[in-house]
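> got a predicted model here, sequence first, then my questions.
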Amino acid sequence: MCEHPPRAGTARRNCDTSHLRNERAGEEPVRWYDVCSYPNSARNSEMKVIFLEDVAGAADAGEVKDVKNGFARNYLLPRGLAAPATPGQLQRIRAIEAAAKQKRLQYSEEWGEVAALIRGMEVPVEVRVGPNGRLFGSVTGRHIADRLSAATGRTIDHRQVLLGAAIHEPGDYPVNIRLYREVTAEITVSVVPEGYEAAQAADAEPEDDAPASEESAYEEYEEEVQSPDDDYDEDEDEPGDGITGEEEEP
C-alpha cells in the first residue's frame with residue numbers, strides 16, 4: 001500500500017510508485033518523503049519579478065524581488081503591478097524608476113491637498129446606543145472611510161484609516177489617516193446616538209427666530225405707545241386755557 005499521505009482537501013497525490021515494486025521484491029521500501037518533491041512543487045516555488053508600480057508592503061517600482069509564485073501569477077502579473085524579470089525588462093529599470101518617482105510626486109501633492117482639508121476635521125458618526133451606553137455593533141475603519149469619502153469627494157480606503165480597534169462606546173476619538181506614504185492627517189471621530197444631529201439642528205432653530213420675535217414685539221409696543229398721540233388735535237384748548245388768574249369784574 002502506498003504510504004503517501006493525502007493532502008488536505010485534495011485527491012491523493014500522484015507520485016513515483018517504484019517503492020511498491022521494491023517492497024514486493026523484498027527490498028526495503030522507499031518512503032514518500034524520499035521520492036516526492038513537495039518542497040519543489042509549483043505551489044511553494046518563487047518567481048523573480050520586477051515591480052512596475054509601488055505595492056504597499058511588498059516593494060517599490062523598479063525593485064527586483066523573488067515573490068511567491070501564486071502571489072505573482074494571481075495578483076501582481078494580472079494587475080500589471082509587476083513583470084517577470086527577463087533581460088528585456090531589466091533594461092527598463094531606470095525608466096520604470098523615473099516614471100514611479102514622477103507619480104509619487106503627483107500623488108503626494110494631490111493627497112497633501114486632501115490632508116489639509118480634513119486635518120482637524122470632526123467627523124460625526126451616528127449609531128444606535130443601548131440603555132447601558134454601549135453601541136449596537138461597532139464603528140470600524142470602513143464607517144470612517146465612507147464619511148471621509150463623502151466629505152472630500154475622494155475615495156478613501158478603510159486601510160488608510162489607522163484605527164487600532166473598533167469603537168464600542170460613544171465619545172470623541174482622535175484617529176490618524178494615512179493618505180499616501182508620509183502624507184497623514186489627524187481627525188476627530190465623534191460617535192453620537194442616532195438622531196443627535198437632528199436634535200441639535202432643531203435646538204438651533206428657535207435661537208435664530210428669537211431676535212426677530214423680540215424685534216417685532218418691540219415694534220408693536222412702540223405702536224401702542226404712540227397711538228394716543230396720533231388722535232391728539234393741537235388746536236384744541238388745554239384744560240387751563242383762558243384762565244389768567246385775574247378775577248373778572250362784575
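Sure thing, it's come through. Everything numeric in this text was worked out from a predicted model, so none of it was measured.
> just the helices in the protein please.
18-24, 32-35, 69-71, 87-90, 93-118, 141-152, 196-230 (DSSP state H).
> tell me the contacts of the residue nearest to residue 159 when sequence neighbours are not counted?
Nearest non-adjacent residue to residue 159, counting by Cβ to Cβ, 6 or more residues apart in numbering: residue 141, 7.4 Å away. Yep, even glycine has a C-beta here, placed from its N, CA and C like the rest. For residue 141, the contacting residues are 158, 159, 161, 163, by Cβ atoms under 8 Å, 6 or more residues apart in numbering.
> against residue 92, how distant is residue 141?
The spacing between residue 141 and residue 92, counted by Cβ to Cβ, to the nearest Å, is 37 Å.
> give the buried residues for stretch 133-148.
Buried residues in stretch 133-148, counted by 16 or more other Cβ atoms under 10 Å: 135, 139, 141, 143, 144, 145, 147, 148.
> can you check stretch 63-79 too?
Across stretch 63-79, burial judged by 16+ other Cβ under 10 Å covers 63, 65, 67, 71, 72, 76, 77.
> residues in a beta bridge with the third one, which ones?
Just to be clear, that refers to residue 67. Note on residue 67: beta-bridge partners residue 47, judged by DSSP bridges.
> what sits against it?
Applying Cβ under 8 Å, 6+ apart to residue 67 gives the contacts 46, 47, 49, 58, 76, 82.
> switch to 7 Å and redo it
By Cβ atoms under 7 Å, 6 or more residues apart in numbering, residue 67 lies in contact with 46, 47, 49, 76.
> mind checking how far it is from residue 108?
Residue 67 is 26 Å from residue 108, where distance means Cβ to Cβ.
> picking that back up, what's the farthest-apart pair in the contacts of residue 67?
Across the contacts of residue 67, no pair lies farther apart than 46 and 76, at 12.3 Å, counting by Cβ to Cβ.
> leaving aside the residues next to it on the chain, what's closest to residue 76?
residue 82 (3.9 Å).
> now do the contacts for that neighbour.
By Cβ under 7 Å, 6+ apart, the residues touching residue 82 are 49, 50, 51, 52, 72, 76.
> and this protein, what are its domain boundaries?
19-91, 116-197 (automatic domain parsing).
> lowest mean pLDDT across those, which one is that?
Lowest mean pLDDT within the domains of the chain: domain 19-91, at a mean of 75.
> okay, now residue 185: neighbour count?
For residue 185, the tally of surrounding residues (other Cβ atoms under 10 Å) stands at 20.
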